[in-house]
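In: how does the following fold in three dimensions:
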Amino acid sequence: MARAILLSVGGAADLRQVTALASDVLEGKVIVDANGNPLTGTMPDQSGWEYNNLPAGQSVNIPKGYHDGSEYVRAQPLSSQTFGTGTAEDVLEGETVWVNGEQINGEMANNGAFNYTLSAGGSVLIPAGYHNGQGRVAARSLANQTDGTATANDILDGETAWVDGVQIEGAMANRGAISQSLNAGGSYTIPEGYHNGSGVVRANSLASQTPGTADNTMILDGETAWVDGELVEGTMPNQNIYSVTDVADEAASSWINVYIYRGAYLQSIASHNNRHLLHISYPTLRNVLGITTDKILWGQSIAGSTGSAQGWYDSNTDIFRNGVFGGWGLEIVSGSGVNLSANTDNGGIQGPTPSIETTRQIDFTDISQINLHTTHITGNAGTPYYARVTLLDTGQVYNASSQSPGIGATASFYIPVSAQVKSRIRVEIVCPSSSTQGIRITVIWMSKR
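Out: Prediction:
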């Protein structure tokens, strides 16, 4: 409900006394104007207005309108306007600063002009604090620091020294170094000379010159040695070359025991670059390690046994390498084999557009990428070609970017496979100028996810 302000004169409203305008009345409130008509106020209601974070030295205009006395203008904290890292030690003593809202009284010592006289080889620690640039550190004169009484005859010939700031060359005769070789246990008295004859050179006893711990079992049979002054004849047997047959697998301790008879193994063989030999036969090694052909990848050899295993391995797996097929049932679709099963660096599948397929499925939930190396054998140098992988059971096709290697140069392709399926694959080379090119696939392998 609107409100009206009525002024009365002798019991009747005297509207002539109404002087308020709409701007003098709170917005939304109603009064009666001087003519008796309702007048709605337009004065803005600013109740609850606030202003925060007023920076130091700044001002804010209070908006026009009615304020109910609950509003605030809040200044920005002094700590946020005086951010710094200085401490009392960083401010000259007697001076003050503000840092992070706190007034700091300086504690830096005022050293003014610091003076010090320094001797040769000495040092002085410059006091912490402020220096006005007038201080000096001076070195004492050399004469002041080298006072003495020696003359040239007091200093050895060929040597120099400083006395009272003057360099002196020695004139004392040098009799030289007298030495004598002594047998163990002997002695020799140094004759009088530059050395005054009181020095003595003595030889150590033989026992003190031949300390040791070896006994006869630790010295090779037929050889002798001195130990603690005693001559010892060796009895250690010379085993020469030893062929190991006594081998045990200590699987629980993660090692293999090789039992060797006590003695020395000194015979060398020229064909082995004079290295001493310890023979362990392949059959003995395979037996103790449990190596059988079904545990070795097909086409690979370990300790003289050629593997027959085909299929999945946890590490990156070869499909085809240097003429040797992996265990994936490979068939050549296009091109011809070169040095197949030879496992040589130049073995591969060659043609204008060589291609190969697997007859076994590859599980691409574990495989993320097909990789291959190729060599441009014949044709025009710089002719572009690229590799393609097709999932034969699902139809997905993945192409690598084109490369243009020179004749004899290698181009490698790394083809990510996003599909996580099981499928046979075809790997092929696509060359626009296929009729004139000879391209050889040398290696195909897979990378795990």
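In: would you map the helices across the stretch 51-200 of the chain?
Out: With DSSP state H, counting those that start in this stretch as the criterion, the stretch 51-200 of the chain has helices at 78-81, 142-145.
In: may I see the buried residues of the first one?
Out: By that I understand helix 78-81. By 16 or more other C-beta atoms under 10 Å, helix 78-81 has no buried positions at all. Yep, even glycine has a C-beta here, placed from its N, CA and C like the rest.
In: run through who's touching that helix.
Out: With C-beta atoms under 8 Å, 6 or more residues apart in numbering as the test, helix 78-81 has contacts from 55, 56, 98, 100, 101, 102.
In: quick check: strands, which of those residues are part of them?
Out: Mapping these onto strands (DSSP state E) picks out 98, 102.
In: can you put the contacts of helix 78-81 in a markdown table and add neighbour count?
Out: As requested, the contacts of helix 78-81 are exported to a markdown table (neighbours: other C-beta atoms under 10 Å):
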| residue | neighbour count |
| --- | --- |
| 55 | 11 |
| 56 | 10 |
| 98 | 14 |
| 100 | 15 |
| 101 | 12 |
| 102 | 11 |
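In: tell me which of the contacts of helix 78-81 is nearest to residue 179?
Out: residue 100 (76.3 Å; C-beta to C-beta).
In: ok, that closest one to residue 444 distance?
Out: Distance of residue 100 to residue 444, given as C-beta to C-beta, to the nearest Å: 67 Å.
In: got it, and residue 323?
Out: In this view, residue 323 and residue 444 are 12 Å apart by C-beta to C-beta.
In: mind checking which of these two has more residues around it?
Out: A side-by-side neighbour count of residue 323 and residue 444, using other C-beta atoms under 10 Å, places residue 444 first with 27 against 21.
In: touching, the more buried one and residue 371? I think so.
Out: Yes: assessed by C-beta atoms under 8 Å, residue 444 is found in contact with residue 371 at 7.2 Å.
In: run through the bridge partners of residue 367.
Out: Legend: beta-bridge partners of residue 367 under DSSP bridges are residue 448.
In: one more: residue 200?
Out: The partner residues for residue 200, given DSSP bridges, come to residue 189.
In: who are the contact partners of it?
Out: With C-beta under 8 Å, 6+ apart, residue 200 has these contacts: 187, 188, 189, 190.
In: could you do residue 199 as well?
Out: Taking C-beta under 8 Å, 6+ apart, we find residue 199 in contact with 189, 190.
In: let's see 7 Å
Out: residue 190 (C-beta atoms under 7 Å, 6 or more residues apart in numbering).
In: residue 317 now?
Out: Applying C-beta under 7 Å, 6+ apart, we find residue 317 in contact with 326, 445, 446.
In: which of those residues sits closest to residue 385?
Out: Nearest to residue 385 among the contacts of residue 317: residue 445, at 19.5 Å, using C-beta to C-beta.
In: in a strand, the closest one, correct?
Out: Yes: per DSSP: H, G, I helix; E, B strand; the rest coil, residue 445 lies within a strand segment.
In: test my guess that residue 228 contacts residue 210.
Out: Yes: judged on C-beta atoms under 7 Å, residue 228 makes contact with residue 210 at a distance of 6.2 Å.
In: give me the distance between the closest residue in space to residue 77 that isn't next to it in sequence and residue 58.
Out: Distances taken as C-beta to C-beta, 6 or more residues apart in numbering place residue 101 nearest to residue 77, at 6.3 Å, with adjacent residues excluded. Look at residue 101 and residue 58: by C-beta to C-beta, they are 17 Å apart.
In: cool, residue 119 as well?
Out: Where residue 58 is concerned, residue 119 sits at a distance of 61 Å (C-beta to C-beta).
In: do residue 168 as well
Out: Applying C-beta to C-beta, the value for residue 168 to residue 58 is 79 Å.
In: neighbour-wise, which of the two wins?
Out: residue 168 (17 against 9).
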